[in-house]
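Q: sequence? don't have it. structure:
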Ligand SMILES: CCCCCCCCCCCCC[C@H](O)CC(=O)SCCNC(=O)CCNC(=O)[C@H](O)C(C)(C)COP(=O)(O)OP(=O)(O)OC[C@H]1O[C@@H](n2cnc3c(N)ncnc32)[C@H](O)[C@@H]1OP(=O)(O)O
Ligand SMILES: NC(=O)c1ccc[n+]([C@@H]2O[C@H](COP(=O)([O-])OP(=O)(O)OC[C@H]3O[C@@H](n4cnc5c(N)ncnc54)[C@H](O)[C@@H]3O)[C@@H](O)[C@H]2O)c1
């Protein structure tokens with residue numbers, strides 16, 4: 001009986017009876033996260049299709065992957081530079097790029113979305129993909145803040161839809177949050193857990209609740225840092241130093257916000273405020289709005305809270 005209840009909870013359906021072993025992956029969005037996930041998936045022997053809106057963006061994604069792989073092999077193949085170069089070429093061969101989602105998803109066991117943090121845009125994408133992808137294909141979103149069930153509701157494969165939340169920078173960060181909704185089948189959930197392990201990551205199981213585990217705890221901290229600065233209670237430099245030296249965090253909150261991308265942070269804040277308008281924690285920050293309006297999105301555009309190069 002307990003087993004049966006479990007299957008009902010996970011929305012067990014006849015179309016999802018088998019466990020999908022994920023070999024071929026399509027990643028939609030070749031930005032910071034998509035490129036990082038593509039790198040790790042290709043490095044662990046998966047065949048990866050990376051999709052974005054233009055060839056220029058995709059060229060940049062491949063350059064990012066190449067640069068990051070060079071950093072990896074410098075360590076991993078310190079005494080064998082030739083083997084390191086061979087590894088890079090082998091990994092790059094596992095990645096193909098496309099601007100056409102329809103052809104990219106053919107043959108894919110997993111479609112993982114890492115595009116802009118906007119519910120409507122994600123829903124539109126998945127609704128289109130649902131008609132194009134093979135029946136067995138699992139869909140997953142790397143969203144930082146949106147409910148997975150709101151995204152999956154745009155499709156007819158609720159049992160084959162979950163969340164895979166990676167951390168930035170993906171090649172370095174060991175955690176993946178695996179999110180199951182009330183309709184994610186146990187088979188899908190297990191396939192996603194297993195995939196995370198094959199990537200060399202440590203997965204944790206999460207409910208589809210706001211912020212999952214990490215961001216539920218992390219967002220209030222980042223918010224409070226910006227407010228402290230806006231009140232003039234500390235310079236951003238001092239706040240960053242304090243959190244690095246006082247608590248041992250590798251980056252202070254302003255360095256980290258620039259690293260994540262201020263547009264992504266603003267998308268998250270705006271979305272949470274819409275869901276919970278009276279919560280003062282989600283009140284807008286003038287400074288953040290100004291920086292984003294000026295295109296100062298952080299490290300990726302050369303300026304955010306700080307200037308880069
Ligand atoms: C008003 C309110 C405003 C605020 C609102 C807040 C809203 C909340 C927003 C939430 C955002 C969503 C977040 C998201 O969902 C979840 C996240 O991803 S959170 C981010 C998590 N990441 C971190 O916390 C990163 C912390 N930093 C680090 O761990 C390290 O600094 C670093 C990035 C690993 C870099 O290390 P450093 O020592 O600082 O610098 P080095 O450059 O020397 O690197 C060390 C070592 O790592 C190798 N390396 C670094 N990056 C890469 C890479 N991309 N690829 C390959 N290798 C890399 C580098 O080569 C070094 O190797 P070594 O030389 O030591 O051998
Ligand atoms: N930045 C972080 O630290 C971080 C960490 C974990 C999760 N996330 C989440 O990952 C997702 C991506 O974030 P990012 O930082 O990589 O963003 P990013 O801005 O670096 O990249 C997004 C990419 O998606 C592309 N894109 C947008 N719409 C598209 C579409 N319809 N089809 C194909 N490509 C499209 C853009 O051209 C861009 O290259 C977001 O949901 C974000 O919340 C971000």
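A: Structure received. Since this is a predicted model, take the numbers as computed values, not measurements. Ligands and ions are numbered 1, 2, ... in the order given.

Q: rest of the way, CA atoms for contacts and neighbours
A: Noted.

Q: pretty sure residue 140 contacts residue 115?
A: No: counting by C-alpha atoms under 8 Å, residue 140 sits too far from residue 115 to count as a contact (11.8 Å).

Q: which one of the two has more residues nearby?
A: It is residue 140, of residue 140 and residue 115, that has more neighbours when counted by other C-alpha atoms under 10 Å, with 27 against 22.

Q: The host helix or strand of residue 288: how far from the chain's middle?
A: Assigned by DSSP states H and E, residue 288 belongs to helix 286-293. In this view, helix 286-293 has its centroid 23 Å away from the chain centroid, taken as C-alpha atoms, centre = their mean, to the nearest Å.

Q: Which positions in it come out as buried?
A: Neighbour counts over helix 286-293 (16 or more other C-alpha atoms under 10 Å) mark 288, 291, 292 as buried.

Q: out of those, who's nearest ligand 2?
A: Nearest to ligand 2 among the buried residues of helix 286-293, counting by C-alpha to the nearest ligand atom, is residue 292 at 12.5 Å.

Q: quick check, stretch 110-122 touching ligand 2?
A: Yes: Stretch 110-122 lies within reach of ligand 2 by C-alpha under 6 Å from any ligand atom, at 114, 115, 116, 117.

Q: returning to what we had before: point out the other helices and strands that the helix holding residue 288 packs with.
A: The contact analysis (3 or more C-alpha pairs under 8 Å, 6 or more residues apart in numbering; DSSP states H and E) places helix 286-293 against helix 262-275.

Q: quick one, the helix it packs on and helix 286-293 angle?
A: Helix 262-275 runs at 120 degrees relative to helix 286-293, counting by axes from the mean of the first three to the mean of the last three C-alpha atoms, to 10 degrees.

Q: So what touches stretch 260-278?
A: 116-118, 144-146, 168, 257, 279, 282-284, 288-289, 291-292, 296-300, 304 (C-alpha atoms under 8 Å, 6 or more residues apart in numbering).

Q: now stretch 236-252: mean pLDDT?
A: Stretch 236-252 shows a mean pLDDT of 97.

Q: That one vs ligand 2: in contact?
A: No: on the criterion C-alpha under 6 Å from any ligand atom, stretch 236-252 is out of touch with ligand 2, staying 12.8 Å away.

Q: what distance separates the longest helix along the chain from the centre of its chain?
A: The residue-count maximum for a helix in the chain (DSSP state H) belongs to helix 55-76. Taking C-alpha atoms, centre = their mean, one finds the center of helix 55-76 at 17 Å from the center of the full chain.

Q: and if you look at stretch 149-168?
A: Distance of stretch 149-168 from the chain centroid (C-alpha atoms, centre = their mean) equals 12 Å.

Q: buried stuff in it?
A: With the criterion 16+ other C-alpha under 10 Å, stretch 149-168 contains buried residues 149, 151-152, 154-155, 157-168.

Q: Pull out the buried residues from stretch 69-82.
A: For stretch 69-82, using 16+ other C-alpha under 10 Å, the buried residues are 69, 70, 72, 73.

Q: so the second one makes contact with residue 88?
A: Yes: assessed by C-alpha under 8 Å, residue 70 is found in contact with residue 88 at 7.5 Å.

Q: List the residues that contact residue 253.
A: Residues near residue 253 by C-alpha under 8 Å, 6+ apart: 222, 225, 239, 240, 243.
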